[in-house]
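J.: Sequence first, then the predicted structure:
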Amino acid sequence: MTDARPEFRRRAGVLLHPTSLPGPDGIGDLGAEAYRWIDWLAEHAQSLWQVLPLGPTSFGDSPYQTLSAFAGNPLLVSLDRLAQRGWLTPADLAARPALPVDRVDYGPVITWKTTMLDLAWQRARASAAAELEAWGRRHAWLEDFVLFWALKEDQGGRPWVAWPAELRDREPAALAAARTRLAPRLEAHRFRQWQFFTQWQELKLYAQARDVAVMGDLPIFVAYDSADVWANRSLFRLDAEGRPTHVAGVPPDYFSDTGQLWGNPLYDWTRSAADGHAWWAARVRTALELCDLLRIDHFRGFEAYWEVPAGETTAVNGAWRPGPGAAFFTALQASLGGRLPLVAEDLGVITPGVEALREGTGLPGMKVLQFAFDDPCNAFLPHRHQANCVVYTGTHDNDPTRGWWEHRATDGEKRLVAEYAGAPADEPHWTLIRLGMLSPAHTFIAPLQDVLGLGREARMNLPGEGAGNWNWRMPADAFTHPGGPRLARLTWLGARRPDQTRPTPPVGSTERTA
């Protein structure tokens with residue numbers, strides 16, 4: 001289905017969520033350190049920056065459970081850049097609280113940044129209202145989202161299903177009254193989205209000028225307590241009062257003996273197909289405004305998904321149900337004008353049907369080296385890789401490789417790593433980076449933690465744990481760490497440097513890759 005595209009040339013990149021960047025406000029943002037990060041990538045021959053979902057997080061701070069699949073996270077807005085516009089003053093920024101630099105302490109960060117964002121809007125509204133209005137007209141999702149967030153504030157943070165019935169059910173008169181009553185808050189939230197998109201687009205252009213593409217992350221499921229579900233109830237399997245009848249998860253696997261109970265509502269794929277999956281097309285189109293290509297998280301759910309009855313406490317008592325299949329991607333490609341710059345996250349319980357769907361769409365899949373060393377026939381070992389895939393040392397759901405080696409890898413896995421590499425794995429993170437760089441896969445990505453040689457203390461997420469995730473930040477000396485030049489040298493050795501590479505041939509072509 002897909003043809004050769006520049007995003008699938010032979011290349012290398014680094015996985016780092018923007019919240020993990022350095023910055024003066026307790027969380028990474030789109031200010032000076034983000035531009036320094038792009039410079040670091042380009043200096044070290046990395047032509048891809050992979051991020052996690054960029055939406056506004058809520059309880060639990062997970063980028064995979066956001067208030068909107070369209071909106072951006074206002075915590076990423078740089079206050080320094082607002083000051084450059086004259087909307088904040090040096091005196092405002094001098095009041096910055098003392099916040100941790102190695103972890104994101106979300107509570108104080110949220111209080112500080114939202115206060116400053118509201119202050120900036122008060123100063124900007126007289127001169128910027130027309131510019132904001134023009135921007136807002138180009139984003140059809142915006143009005144539902146800002147009303148949802150303003151109502152959530154007004155309702156003390158309660159989920160939308162617990163709002164008064166007339167608001168829960170979106171009765172037109174009730175929504176009109178709410179828009180009038182909450183007009184100042186709607187303006188404030190529009191401003192936050194305008195500034196997020198503006199600052200992100202400027203950073204993306206800076207990256208493009210340095211031959212660094214951005215790879216985003218698009219989860220298949222959305223959060224139940226989100227503007228997406230509230231405004232599009234017919235697309236989800238909900239009862240008459242808006243409660244899910246079944247929820248999403250995965251069965252017991254490598255990460256958990258009881259599976260993972262995500263709790264996301266499931267789609268009514270028949271209704272979605274009735275209009276050519278228009279909501280999905282709009283979602284992907286908006287995501288591609290922010291990113292050059294997208295990783296589709298839990299791709300196997302499009303072939304079959306794990307359905308768990310609502311009310312279960314684990315994911316054990318679920319069942320596989322058929323997903324929308326190839327017709328979904330055909331419709332999506334038609335809506336996007338033939339473009340399908342997607343990567344399939346095809347990890348977990350993968351069946352021949354899932355493999356056939358990925359191969360039929362031509363999407364590259366994923367290979368994770370930490371999962372490769374139990375057997376010489378393991379499909380994740382580099383000699384088994386095809387060109388059309390993306391290889392990782394590990395992902396945001398894994399321990400950094402040194403942590404995996406010290407706490408999880410078996411003696412047998414360690415022996416096979418050494419045998420496969422032909423040398424003792426004294427630095428297992430560099431052993432896996434080297435193997436990934438030399439893989440036939442067109443794309444190799446390492447989490448920054450592996451480039452820095454960090455251990456379990458730097459893990460981004462532990463699946464199944466409800467607290468303590470998503471808060472890692474890169475050390476202050478990361479930009480001058482000796483891992484950078486070493487990464488650049490291995491990128492050259494694997495012929496992944498931008499001046500060494502060209503696009504991968506079309507799927508089915510007999511032309512050899514670089």
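T.: Received the coordinates, thanks. Numbering: from 1, shown residues only.

J.: Any idea which helix or strand in this protein has the lowest mean pLDDT?
T.: strand 260-265 (a mean of 92; mean pLDDT, DSSP states H and E).

J.: Now do that one: distance to the chain's middle.
T.: Computed by CA atoms, centre = their mean, to the nearest Å, the chain-centroid distance of strand 260-265 equals 17 Å.

J.: Run through the helices of the stretch 351-500 of the chain in chain order.
T.: Shown for the stretch 351-500 of the chain, the helices assigned by DSSP state H, counting those that start in this stretch span residues 352-361, 401-407, 411-421, 428-437, 448-451, 483-493.

J.: can you tell me how far the residue of the chain positioned farthest from its centre sits from Thr480?
T.: Using CA atoms, centre = their mean, the residue of the chain lying farthest from its centre is Ala173. It sits 36.5 Å away. For Ala173, the distance to Thr480 (CB to CB, to the nearest Å) stands at 60 Å. The way it works is simple: take the backbone N, C-alpha and C, and place the C-beta from them, glycine included.

J.: ok but Arg179 is inside a helix, no?
T.: Yes - according to DSSP: H, G, I helix; E, B strand; the rest coil, Arg179 belongs to a helix.

J.: Determine the number of other residues adjacent to it.
T.: A count of neighbours around Arg179, defined by other CB atoms under 10 Å, yields 15.

J.: Report the contact partners of it.
T.: Leu147, Leu186 (CB atoms under 8 Å, 6 or more residues apart in numbering).

J.: before we move on, what about Lys152?
T.: Leu67, Arg158, Trp160.

J.: one more time with 10 Å, if that's ok
T.: By CB atoms under 10 Å, 6 or more residues apart in numbering, the contact set of Lys152 is Ser58, Leu67, Arg158, Pro159, Trp160, Trp163, Asp225, Ser226, Ala227, Trp230.

J.: Using JSON lines, lay out the residues you listed together with pLDDT.
T.: As requested, the contacts of Lys152 are exported to JSON lines (pLDDT from 0 to 100):
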{"residue": "Ser58", "pLDDT": "91"}
{"residue": "Leu67", "pLDDT": "98"}
{"residue": "Arg158", "pLDDT": "97"}
{"residue": "Pro159", "pLDDT": "97"}
{"residue": "Trp160", "pLDDT": "98"}
{"residue": "Trp163", "pLDDT": "98"}
{"residue": "Asp225", "pLDDT": "97"}
{"residue": "Ser226", "pLDDT": "98"}
{"residue": "Ala227", "pLDDT": "98"}
{"residue": "Trp230", "pLDDT": "98"}
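
J.: Tell me the spacing between Gly55 and Asn73.
T.: Taking CB to CB, one finds Gly55 at 6 Å from Asn73.

J.: and for these two, which residues touch both?
T.: Contacts common to Gly55 and Asn73, judged by CB under 10 Å, 6+ apart, are Pro63, Thr66, Leu67.

J.: Just the closest of those to Pro428, please.
T.: Pro63 (27.5 Å; CB to CB).

J.: From Thr395, how far off is the closest one?
T.: For Pro63 relative to Thr395 (CB to CB), the value is 13 Å.

J.: out of those two, which sits in the busier spot?
T.: Pro63 (23 against 19).

J.: Asn73 is in contact with that one, correct?
T.: Yes - taking contacts as CB atoms under 10 Å, Pro63 lies within contact range of Asn73: 7.6 Å.

J.: any residues in contact with both of the two?
T.: What both Pro63 and Asn73 touch, as defined by CB under 10 Å, 6+ apart, is the set Pro18, Thr19, Pro53, Leu54, Gly55, Pro56, Thr57.

J.: where's the fourth one, which helix or strand?
T.: Secondary structure here is read from DSSP states H and E; on that basis Leu54 sits in neither a helix nor a strand.

J.: so Glu307 touches Trp262, yeah?
T.: No - with contact defined as CB under 10 Å, Glu307 does not reach Trp262; the gap is 11.6 Å.

J.: Identify the contacts common to Pro63 and Thr395.
T.: If you check Pro63 and Thr395 against CB under 10 Å, 6+ apart, the residues they both contact are Leu52, Met460, Asn461.

J.: And the strands in the protein?
T.: 11-15, 48-50, 213-219, 246-250, 260-265, 293-297, 304-309, 319-322, 342-344, 365-368, 389-392, 443-447 (DSSP state E).

J.: who touches the fourth one?
T.: Under the contact criterion CB under 10 Å, 6+ apart, strand 246-250 has outside partners 219-222, 224, 237-238, 256, 258-267, 298, 300-301, 305-312, 314-316, 318-319, 321, 347-349, 463.

J.: ok, Ser78 touching Gln84?
T.: Yes - between Ser78 and Gln84 there is a contact at 8.8 Å, judged by CB under 10 Å.

J.: who's more crowded, the two?
T.: With neighbours defined as other CB under 10 Å, Ser78 and Gln84 compare such that Ser78 has more, 24 against 11.

J.: ok, and the closest non-adjacent residue to that one?
T.: Gly31 (3.3 Å; CB to CB, 6 or more residues apart in numbering).

J.: Likewise for Thr491?
T.: Ala45 (4.3 Å).

J.: Which two among the shared contacts of Pro63 and Asn73 are spaced furthest apart?
T.: Pro18 and Pro56 (13.1 Å).

J.: Mutual contacts of those two, please.
T.: With CB under 10 Å, 6+ apart, Pro18 and Pro56 have common neighbours Pro63, Asn73, Leu75, Leu76.

J.: Show the buried residues in these.
T.: Those of the shared contacts of Pro18 and Pro56 that meet the buried threshold are Pro63, Asn73, Leu75, Leu76, by 16 or more other CB atoms under 10 Å.

J.: Rebuild those as JSON lines, extending it with distance to Thr198.
T.: Shown next, in JSON lines, are the buried ones among the shared contacts of Pro18 and Pro56 (distance: CB to CB, whole Å):
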{"residue": "Pro63", "distance to Thr198": "20"}
{"residue": "Asn73", "distance to Thr198": "14"}
{"residue": "Leu75", "distance to Thr198": "16"}
{"residue": "Leu76", "distance to Thr198": "12"}
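
J.: Gly365: which of those is nearest?
T.: Pro63 (21.9 Å).
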